[in-house]
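A.B. asks: coordinates only, sequence not included:
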């Protein structure tokens, strides 16, 4: 099974934040499921452990879910042929490994009194545990351990009359982050939570309406970008009719700033900004804030590359490929015995020894999570004969967990939650270490600095400034009780 | 995949009644799941298309379900090792083929407010559709298309306080046939519907309590037979404590008579009668009622063999193996092209040509459903040179569908629903055809004849005398509406 | 994987002789491979661990080989569709388990200077090791560890000019038992060793010529039996032309007598005798030679059944099904943990307890190899309450190994090689034990007795009278040297 | 299955030259097979369709071969654990797809009279067909359709006495390109053809001797580079003893120049030159020879990247990531229906639209084979709004097929064999197109220019100057006759 993110550093399982989902929907296109498969393939970097597509053919819903990548699971004519209909949506995700995995793979589906209901969700409901407890007491039976299922039961048990009213009733009871694509026999709905924490864009391909987590998925299917879904907006597509609804009180949006740092593909456009350009800008800010006298600027491939180009252009130090990345690590190679286990790090990255030897190098990486990778990369440079190794990081120190759909280690394992910058520098054994400042990061976005009172983005992983309540996090007992009830399916 | 019943005739998919389930439970035995796997293996003839086992280890429930046979799916130490705990139950079933199959495989499981709940069911709830519609309107979300799931939601939404009261409340709202084994964190419950339509027995193995559909499963695991569960009885096992409950008003039992004809294994004991002996007795009755001047008595293997021995002993005509059955047809051989498709029938049965040639033969079979097999077998005897071919059937004509958990063709396809015996004889092209009489069948059970007013068994498939209401059958619209809602999962 | 012979006793892996092969060929039939697949399915009892088919389409040879049964491996239209051509042959075999298995699966194939050459072999070359050593010294490279490959290299390196002459040259250099079907671009050849130790028959289906190990395979494909291939005969089929060749000096044939005892299906005709009838005759002889005062005659299913019918008819004691065999053991059920391992024997056979209790029973089995099964079956009868248990065996004691293609345990593990009949009776704990005499066995074949000077069959497993030289057996060093050279392929 | 080369362009199956093999051997290391697996993983770019490893444990040889990548097939402890011994060698390759594939996967193995013999080969024997015909006439039987097997039969039938003499005898009869690693019970031999067309280097890891196609494989296993094997040299390793043999008359070496252009990894050192540095140098030469007035230098990822950096540094035009490559195309995504098939190109590469718009871009690629990719990439740039698109190629035009182990299209499909540069420019629809000159290529290697009389490298794909005879190529009939004999195994 494919288990690592090719954009990752070595030791990726532990040393990168992991986006938990990408979603894609198409309404009004013959063979919609094939379009969704292509779109999910373009969003594969947002979730690589499982994928699913649900279609509706006017009478029946059809679903296929699988562990693993989109390619290999959703590209056979047999599979796509079964996913009949002109409306379809899909989902890629990280999932917990092991026995209960498949039933948590989205889109989730339910037969409601109003008819079938499918849902694909990017984000995290931060009061899901408490809502679930209440629903179960009332007689609701959950099929999965996913927070998303909470929304389905809230719709099923809502006292409102129409489906849309039930759905809005449900959304008003959840807190947290959600970009959703849902399907009913009547049409497709795309919506985004009031703060717009997770992204969602709309496009057009001939007469079809497309929804996607990132614009790159529109490019890949040949669709034209129309606009972002607004925070708090519901867009309803019924046949050729598209309508917009805003059931929430207006509030200041807080989209996730880490999309610029790492999650989005560099060729995506986010809120009218080129992600590639923002990353180069961050690199340039870093060169201004933390210059260093060196011979080579070397990206930690591939996520550090745009920032490294920006750093090199700003500083005038040549950009060079000092670390060569193997293209065959998408498929994890398990070192088969103890004799060779310590050799493993070089499977993913290898120093370009002839280039490095005797040189002073600046390494550019996007972020530091646990620090284990940085330590190995610095060591690899020294083994290759580097005279000096300076590490520059294209984001502020990651000090806080995310509760909005990103898999972060518990705080105790975040290097920056436990050490100041000098201590981190000692830990990774570099000659110097610097992070871009939080204001520098906002500068790269074109703002003068971060507004402490009304920041334009969610930057809680850097600042601890969470824009919503965190009910379940504050309600620890629920977690344990919940775990007790789960059936283990092998 | 293994898809045919080795007890079947050729062309088995269409020409045998199919029992829909076997269930087995063990409480108080270390490694209970391994016992359950053995027990289900012994009940494999009751359902060959899917199997499942759920165990409880004092904290968590563990489930494994698979399409196909018990052997190959439930005999690896890895699988059994995951099914931890001293309490376990399991299920074998026929299921509809295709995409949605696995989610209907039992035991079904749900997390209720009172804790985990697993259920294995043999029978059929004849008002399941109507109950489901009501529950969905109220907000319940169904995971499967199984009638059994109705019971779970009735428990989940019951207003009674204790689990046992909720469970009895649910049972009082369902009609039809059910032998159930359920598990909760507090213990195991075995119960049988008030008429006792489907069988269920209790045994003992050291300190463990065992429940099984047939006594042969007790034999195979080395357990001692204790007694049958009474119609309308609940037996509750909590640790070493066993208690009996009878929440229903007493009524005349009506156990299924077809268990003696075909469903049960010949080495099982049903209601104190040896199934093998009853079958020989039916054969003897048939020899008395419908004698024939012939040279050989030949069983249609294997289900006709005990009756053929009875017929031979009663008539004095030698019992001979005139049809040799291949033992490799458990695994269906698909004829791979048109050139050879017409040859296929002999893959399963082949005439013992040297024996048959020039002889007058009496063929003994257990029942006729569609008649296609009888036609082929008679032809096979003639091709092998038989001088005369007389067909004798060890049950009365099967004229009516079963609504209690047995897969019968729609009435229009039952040969005996459309033809009288002479017409059937012409259709199968035998020299003569006779069925045992309904009174002859009851005689073989030791009764004087069938009581028309208070028959001791359910014999609706022969008589049309159904002992319960058939709500869904009378409420056709529900079927269609239900079908509309189902998600197709590939 | 399917690994047991359904005709076997419990503990089959150790307690039955195992025929090593069945072969089938068809020439002149459109889609010949499909016919071969059906024929091999009918011969499945002769070899269940692997199968292969090779076809020739006039230009190219096509081969598919697989571990496991014919059904499941050779019944998909995709597989059969690739095996193009009007000429095809196939093979079922027992093989040693493990890594090197697939390359030994037949038909074997080689590109010779004269063109492609495929060969399917039933039997064993008893000087294969010595021939191989000589060929390797000369530069031949072996692909397999099969004795059959020796024939291919002898053909490839023969100095004769035509293919047929090369082939006869090769056969004259091998000793042992062989029934062969070979294919070249010019046609199909079927042949049998000069003693005719292994069987081979010819049939006709429309214009096609069929060859098969047993007549049952002709029945199943709808072909007419023409005649047996004579010992020492080559039958060559080129298009519609069939010619017979007898290159060997005439000698007294010695076909294997164990085909009657166990190997052949009861519905086969062997040398003009019905195998079923011979088995009944053996049972009758046994009743005459070793009568017993008893209540029931019970076959050990299924291989003991015809002899039991014969015994019952001769003795007048009723034939009854006292042991019920599960039809689901074709697929071996592995007992998953120690708690239940001792329960395993009943998975395959279960006593019909209600019938046995208090009765004096005669058990009829076809042979005793190691004796472990007999011991368990006797014990099972006693546990079920039998008053007396008498064991009668429908063959003489098996005292010697077979070197002609039958997998026998080494002599030290053959019960009858180490004990006299009284000792064997004590070992299996029966009340009495008797075997049919060697003369009784020949009587059942219609002869007056066994001719000590010119016996009509190979009965070496009973008498030690081997009809050929056993070069490799006498040349032990070759075995070890050979083993050293083999590559292990995982 | 993983089927594309991640270093490839879109439409890679047709538009890149494909190196046919990488080889790796280790002698004297505990658990040698694990080292070989790591080494092959590092050489994966040299052959991605199949892999194999053979080990020797002092008594037996052990082999595992598989279609697909090293990761997933050679990283399980179970597989590696079976490949016992301190000596092992392995092979990665491209293979023809389909049924006969596995038997051609190397290392090949044979049991010779002198003992086991395993061989891994990078290159191509250009008289293999003629040798094979002669050997088959003599009685040799081939297992594969691989040219490498010819060497085995030449060894097996050599009249020399010792293994090494037989092996040298065989090599003297073959023509073409070969780097070989062979194993016998006595030791490991590495050798290179007299012209040294394919690479092979030697390294040391503690006491173990390592052989590999490229130095990057030494880096990855932690070994130290010792030296290249010389053209025409045999290095024999017996235990700790290493000896060198030079049985061929000395000649001018002609190593493949395309290793610098594309085949080798940029972090490899080839003949004391850094491949990365040579590629940058080629880019710089290209900037000198064919300058262009532009805004951005854009690599066609990933193989064009080093040359693009060289071009950018020489020209002063900024290097930018104008094409973003998906990291999920290692696993080919099959477009499942016609509606979306035309969208497919963007799955692999997507234009960085925000960067490109309105700009004059220079695209740098390593070579043009069929030209289909260049056409698509140019179009992609125009669709993204590029003002001008100039294509610069870091090798001379590829005009001739390779017969030394590289899979090239037939000449008629090589764009440069059919068009001059202007015509190619029109075909790909660029604003301008230029290739580096052949002298420019040699300049990048540090030579003054190409010596027409004694060129230092094999550059036949550019010049048509083949350094060996091409017997089979001139002997076309052999190809057809050979094809006729092959068995198709499904």
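C.D. replies: Structure received. As the structure is a prediction and not an experimental result, all values here were calculated from the model.
A.B. asks: make sure residue A:55 is indeed in a strand.
C.D. replies: Yes - counting by DSSP: H, G, I helix; E, B strand; the rest coil, residue A:55 is part of a strand.
A.B. asks: contact partners for it?
C.D. replies: By CB atoms under 8 Å, 6 or more residues apart in numbering or on different chains, the contact list for residue A:55 reads A:32, A:33, A:36, A:61, A:62, A:63, A:83, A:84, A:85, A:87, A:88. In short, each C-beta sits where N, CA and C put it, glycine included.
A.B. asks: name the helices or strands packed onto the helix or strand that contains the fifth one?
C.D. replies: This points to residue A:62. Under the criterion of DSSP states H and E, residue A:62 resides in strand A:61-67. Here strand A:61-67 touches strand A:50-56, helix A:77-82, helix A:101-104, strand A:115-125, strand B:488-489, going by 3 or more CB pairs under 8 Å, 6 or more residues apart in numbering or on different chains; DSSP states H and E.
A.B. asks: neighbour-wise, which of the contacts of residue A:55 leads?
C.D. replies: residue A:36 (36 neighbours; other CB atoms under 10 Å in any protein chain shown).
A.B. asks: report pLDDT for it.
C.D. replies: Residue A:36 carries a pLDDT value of 96.
A.B. asks: any idea how far residue D:104 is from it?
C.D. replies: Taking CB to CB, to the nearest Å as the measure, residue A:36 falls 39 Å from residue D:104.
A.B. asks: quick one on the thing from earlier: can you add mean pLDDT and give the helices and strands packed on strand A:61-67 back as CSV?
C.D. replies: Supplementary listing: these in CSV, determined by pLDDT from 0 to 100:
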stretch, mean pLDDT
strand A:50-56, 96
helix A:77-82, 91
helix A:101-104, 75
strand A:115-125, 95
strand B:488-489, 70
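A.B. asks: which of the ones you listed sits most buried?
C.D. replies: A comparison of the helices and strands packed on strand A:61-67 by mean neighbour count, using mean count of other CB atoms under 10 Å in any protein chain shown, puts strand A:50-56 on top with a mean of 29.
A.B. asks: give me the distance from that strand to the chain's centre.
C.D. replies: In terms of CA atoms, centre = their mean, to the nearest Å, the centre of strand A:50-56 is set 18 Å apart from its chain centre.
A.B. asks: which intervals of the stretch 201-350 of chain A have sub-threshold pLDDT?
C.D. replies: For the stretch 201-350 of chain A, the stretches with pLDDT under 70 are A:329-346.
A.B. asks: run through the helices of it in chain order.
C.D. replies: With DSSP state H, counting those that start in this stretch as the definition, the stretch 201-350 of chain A shows helices at residue ranges A:215-221, A:258, A:275-289, A:305-315, A:338-341.
A.B. asks: tell me which of those helices lies nearest to residue D:462.
C.D. replies: Judged by CB to CB, the one of these that comes nearest to residue D:462 is helix A:305-315, at 31.9 Å.
A.B. asks: which residues touch the closest one?
C.D. replies: The contact list for helix A:305-315 (CB under 8 Å, 6+ apart) reads A:266, A:276, A:279-284, A:286-288, A:291, A:297-299, A:317-319, A:362, A:364, A:366, A:392, A:394, D:318-321.
A.B. asks: what subset of those is buried?
C.D. replies: For the contacts of helix A:305-315, a burial check counting by 16 or more other CB atoms under 10 Å in any protein chain shown picks out A:266, A:276, A:279-284, A:286-287, A:291, A:297-299, A:317, A:319, A:362, A:364, A:366, A:392, A:394, D:319-321.
A.B. asks: sorry, back to before: in its sheet, what does the strand holding residue A:62 sit against?
C.D. replies: Strand A:61-67 pairs in its sheet with strand A:50-56 (antiparallel), strand B:488-489 (parallel), by DSSP bridges.
A.B. asks: export these as a markdown table, with columns for distance to residue D:472.
C.D. replies: Shown next, in a markdown table, are the strands paired with strand A:61-67 (distance: least, CB to CB, whole Å):
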| stretch | distance to residue D:472 |
| --- | --- |
| strand A:50-56 | 47 |
| strand B:488-489 | 54 |
